[in-house]
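1. can you look at this prediction? I've put the sequence above it.
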Amino acid sequence: MAAAAVDTTSSFSVHPAPKSDQSPAIKPTQSDLSKRTYIRWDAEGVEKKPPNEDENIAAVVEQINTIQRANRSKTGRCFSGTHAKTQSTVKGTFEVFDDLPQHLKQGELFSKGGSYPAACRYSTEPGDPVMDDRVPNPRGFAMKLFNVHGDFFDAGKDFPTQDIEFNSTPALDLANAKVTKEIIDLRLAHGADQKVLTKHLEARDDAELQTARDKVRVTHLESTRQYSQTAYRYGDYIIKYCLVPSSETQQKLFDETVRPEHGPDILHQWLRDFHSKHDAEYLFQVQLCENLDDQPVEYAGKIWDPEKYPWQTVGALRIPKQDSCDQERRDFWELHMRVDPWHGLKAYQPLGGSNRLRKVGKSLKRHSTRIYIVARLLFTDLCVCVWL
């Protein structure tokens, strides 16, 4: 049975972030981690495409389109098939720490210290753009880094950005294309009756994984850890990554949870209040792959044990005080922007079946004219080109 997919703690074992006057490279634990044997991203057995994956992916694309058409009929707008509800949009700076140990200096982005303007969006995971915030659900976070340079995939080779996606649950219930097709089928058939849907999910072999979303702790999004869920290339190696709230205020707010008397947009309200009064900081950490049997790439429904395979800090996202509910910025994101893990540097290639599914699904959403637009200072201090 799959490991539980719910994160109910704010204190998983992680490699600590460096102090302002101390490089991560001189930490004793970091030195120990440098001596480990990490699996190369292109090693035999890392990716194994299962039978009928192409057919399953094609079916999922049609399922997602069905959800989008339904939402368009209800709202008059075409939202993403998942993460449809925007909770807030903010802008910040992503910093790569200088003097990382050699095993963490991977790819153009992390080979040396630097900082990059970042456009970020908090979201709720289902495809319903008006989902009640009080309902337990995975939450999402996405960021688009600007002024990135290097060897890009064809889809983004003319645009100097790196897209990075997160989810608040460390394991992905849609663990591969086959599972995704089966679960979305059930949601489309029984989504209006939660009891019936739960009955079908509990009858599955992966019931613990599939019902974990109903047990998600509903708390402040600015205090919630976010995970890649799936595996990615990291230069020579393979990683999962996470984003860890690190300011004292963010950590304290984690203790507060949503109550029934709160309104249906309480998470949005909490974000607006927090970002208007406080700076935010998140540590960006990576977890390197050492054992494919224990850390599968093709099946995203298993958590990589952080006690065996520690998180290692390589950077930080810093978000200054601001209006996180700027309507122009929100509309711009929902109407024109998208985040695609296949839009970025080849050194951070998405790996595994769930990411192959994302590649096909995302590519079908591109406008055929492939036009540019200007983001008019909405997310950065520069005029930047954004891919539609």
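-> Perfect, I can see it now.
2. next, count neighbours for Arg40.
-> Neighbours of Arg40 under the rule other C-beta atoms under 10 Å: 13. Heads up, the C-betas are built off the backbone N, CA and C, glycines and all.
3. helices of the protein, start to end?
-> Listed in chain order, the helices of the chain (DSSP state H) span 28-34, 53-75, 107-110, 177-190, 194-202, 207-211, 248-253, 266-277, 327-336, 353-363.
4. what average pLDDT does the third one get?
-> Across helix 107-110, pLDDT averages out at 97.
5. do the same with the last one
-> Averaging the model's pLDDT scores along helix 353-363 yields 81.
6. just the second one next, same as before
-> Helix 53-75 shows an average pLDDT of 84 in the prediction.
7. out of the helices of the chain, nearest to Leu345?
-> Distance to Leu345, taken as C-beta to C-beta, is lowest for helix 107-110 among the helices of the chain, at 5.8 Å.
8. how about the helices of the chain in a markdown table, adding mean neighbour count and distance to Tyr227?
-> Formatted as a markdown table, the helices of the chain follow (neighbours: other C-beta atoms under 10 Å; distance: least, C-beta to C-beta, whole Å):
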| stretch | mean neighbour count | distance to Tyr227 |
| --- | --- | --- |
| helix 28-34 | 13 | 19 |
| helix 53-75 | 16 | 21 |
| helix 107-110 | 21 | 18 |
| helix 177-190 | 19 | 18 |
| helix 194-202 | 14 | 21 |
| helix 207-211 | 21 | 14 |
| helix 248-253 | 16 | 16 |
| helix 266-277 | 18 | 18 |
| helix 327-336 | 16 | 22 |
| helix 353-363 | 19 | 13 |
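9. list the residue ranges of the stretch 251-388 of the chain that fall below the pLDDT cut-off.
-> 361-388 (pLDDT under 70).
10. where along it do the strands fall?
-> Along the stretch 251-388 of the chain, counting by DSSP state E, counting those that start in this stretch, strands occupy 280-288, 312-319, 372-374, 385-387.
11. contacts made by the first one with the rest, please.
-> Residues from elsewhere that reach strand 280-288 (C-beta atoms under 8 Å, 6 or more residues apart in numbering): 14-15, 17, 36, 38, 90, 92, 94, 103-104, 222, 226, 234, 237-247, 250, 274, 304, 306, 309-319.
12. residue contacts, Trp41?
-> 233-238, 349, 351.
13. and the pLDDT at it?
-> 98.
14. for stretch 202-219, give the mean pLDDT please.
-> So the average pLDDT for stretch 202-219 ends up being 94.
15. which of the contacts of strand 280-288 are buried?
-> Buried members of those, counted by 16 or more other C-beta atoms under 10 Å: 14-15, 17, 38, 90, 92, 94, 103-104, 222, 226, 234, 237-247, 250, 274, 304, 306, 309-319.
16. wait, Thr224 touches Ser168, no?
-> Yes. The pair formed by Thr224 and Ser168 meets the contact definition of C-beta atoms under 8 Å, at 5.1 Å.
17. what segments of the stretch 1-150 of the chain are strands?
-> Shown for the stretch 1-150 of the chain, the strands assigned by DSSP E, counting those that start in this stretch span residues 85-96, 114-124, 139-146.
18. which of these has the highest mean neighbour count?
-> Among those, strand 139-146 has the highest mean neighbour count (mean count of other C-beta atoms under 10 Å), at a mean of 24.
19. contacting residues around Ser247?
-> Applying C-beta under 8 Å, 6+ apart, we find Ser247 in contact with 278-281.
20. from those, which is closest to Ala84?
-> Of all the contacts of Ser247, Ala84 sits closest to Ala280, with 23.7 Å by C-beta to C-beta.
21. distance of that closest one from Gln269?
-> Applying C-beta to C-beta, to the nearest Å, the value for Ala280 to Gln269 is 16 Å.
22. and the residue nearest the centre of the chain?
-> The residue lying closest to the centre of the chain (C-alpha atoms, centre = their mean) is Phe166, at 1.1 Å.
23. contacts only, for that one.
-> 140-142, 226-228, 242-243.
24. before we move on, back to that, tabulate the helices of the chain in TSV, adding columns for distance to Gly156.
-> Converted to TSV, the helices of the chain look like this (distance: least, C-beta to C-beta, whole Å):
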stretch	distance to Gly156
helix 28-34	31
helix 53-75	21
helix 107-110	13
helix 177-190	23
helix 194-202	36
helix 207-211	32
helix 248-253	31
helix 266-277	28
helix 327-336	16
helix 353-363	11
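25. ok, which of the ones you listed comes nearest Met131?
-> It's helix 266-277; of the helices of the chain, that one is closest to Met131 (C-beta to C-beta) at 10.1 Å.
26. who's in contact with the closest one?
-> 87-88, 90, 122, 124, 133-134, 139, 218, 220-222, 249-250, 253, 258, 263, 280, 319, 321-325.
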